[in-house]
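Colleague: Here is a sequence with its predicted model. Questions after.
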Amino acid sequence: MTGLYDDDHVAALAAGLPALLPAWGLAEESEVSLLSLSENATFLARPPGGTAPVVLRVHRPDYHRREEIAAELAWIEALRTAEILVTPAPLPLRDGGHIAELALPGETRQVVGFRFLSGREPDPDAALVPGFEKLGALSARLHRHVRGWTLPAGLTRKTWDFEAAFGPRPLWGDWRAAPGLTAEGRAVLEDLCTTLRERLAAYGTTPDRFGLIHADLRLANLLVEGDRIGVIDFDDCGFSWFLYDFAAAISFHETHPLVPALQAAWLRGYESIAPLPPEAAEMLPVLVLYRRLLLTAWIASHGETETAQATGLSAYTEGTLQLARAFLARG
């Protein structure tokens, strides 16, 4: 690999983590192995003696400020306390804090620990339809909780609105740098951008439509065990349209033939818990394209990660163009 997460950098992270483990009361002799590379580098630490493993998330530099990470953990704790969903508990440090620092040559990385949660990622097949009804209900409970909860003073999260996604300083990079994008393709996506801006502006950001959301409820962040759906990775949580949680849920599967059935199931589940604006069904495809274009930008700026590599890079760009042309043709 090249880029931030080249092999040497990942090896340096893995080599540095054992010395940090005693800060959580874990043995330095624990076995540390890489779980995944996406926005962050995530490792599994297995202490000796059969103690339960823990997950260590090493944050990407220059992305989340310390108070943003603290805000994520505060929301997770609030959701767990209110028993809104099943999600791993943040692992406290022995000094009472939750954010450790890993010193590397030339930089310091923030590290957070979580209890391990068992389960498997759902398969993108017909069994997803009833699962998406449950996911819709879970999303409604999350959003209902948010309407009655406020971030503690001094803590903040990013806002995922159109300006943050596609403005002059986009949080995930510029989709115009997408692998394989041609001049003709750029013109199509410029048209898409204009349409998305207009539709989202008309929909608005009133409190019944816009608030704190998970923002990354894709299949890779769901752990199913029996009838239980566990949710992990609140790293992208922030303020956005509530409907965006559905768009995130079908990330990388936007062309799957089951998407209409998944959308209908998600809406049924959601409305069994809380009402939605009358135009919600019309806005979901808009948010799906918004998310797809945002992921296209993310892949352009994170091409070295496993998640980006798995999309086929330029193949993902072409898929975005196909979706955009079909969306624009529907008006």
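Modeller: Perfect, I can see it now.

Colleague: who touches Y5 in this structure?
Modeller: By CB atoms under 8 Å, 6 or more residues apart in numbering, the contact list for Y5 reads L37, A41, E304, T305. Yep, even glycine has a C-beta here, placed from its N, CA and C like the rest.

Colleague: From these, pick the one nearest A19.
Modeller: Closest approach between the contacts of Y5 and A19, by CB to CB: A41, at 16.4 Å.

Colleague: Just give the nearest non-adjacent residue to that closest one, would you?
Modeller: Leaving aside its sequence neighbours, A41 sits nearest to V58 (CB to CB, 6 or more residues apart in numbering; 4.5 Å).

Colleague: Ramachandran angles for the nearest residue to P92 once chain neighbours are set aside?
Modeller: Residue nearest to P92 in three dimensions, not counting chain neighbours: H98, with 5.9 Å by CB to CB, 6+ apart. Here is the backbone geometry of H98 (degrees, to the nearest 10): phi -130, psi -10.

Colleague: can you count the residues close to H98?
Modeller: H98 has 21 neighbours, counted by other CB atoms under 10 Å.

Colleague: Relative to T159, how far out is the residue nearest to A41?
Modeller: V58 is 25 Å from T159, where distance means CB to CB, to the nearest Å.

Colleague: next one: G16
Modeller: In terms of CB to CB, G16 sits 33 Å off from T159.

Colleague: cool, and V32?
Modeller: V32 is 35 Å from T159, where distance means CB to CB.

Colleague: out of the two, which sits in the more crowded spot?
Modeller: Between V32 and T159, counted using other CB under 10 Å, the more crowded position is V32 (18 against 15).

Colleague: Name all residues that make contact with the more buried one.
Modeller: V32 sits in contact with A14, L17, P18, F43, L44, A45, R46, L56, where contact means CB under 8 Å, 6+ apart.

Colleague: ok, then the element right after the host helix or strand of A70?
Modeller: Element membership of A70 [criterion: DSSP states H and E] is helix 66-81. Downstream of helix 66-81, the next assigned helix or strand under DSSP H and E is strand 99-104.

Colleague: how much does that following strand deviate in direction from helix 66-81?
Modeller: Relative orientation of strand 99-104 and helix 66-81, computed by axes from the mean of the first three to the mean of the last three CA atoms, to 10 degrees: 140 degrees.

Colleague: packing partners for strand 99-104?
Modeller: Counting contacts by 3 or more CB pairs under 8 Å, 6 or more residues apart in numbering; DSSP states H and E, strand 99-104 is packed against helix 7-16, helix 66-81, strand 107-115.

Colleague: How many residues are close by T108?
Modeller: By other CB under 10 Å, 10 other residues sit near T108.

Colleague: quick one: pLDDT of it?
Modeller: pLDDT, T108: 94.

Colleague: out of the contacts of V32, which are inside strands?
Modeller: Secondary structure defined by DSSP state E assigns F43, L44, A45, R46, L56 of the contacts of V32 to strands.

Colleague: Now for those: which two are most distant?
Modeller: Maximum pairwise distance among the ones in strands among the contacts of V32 (CB to CB): 11.2 Å, between R46 and L56.
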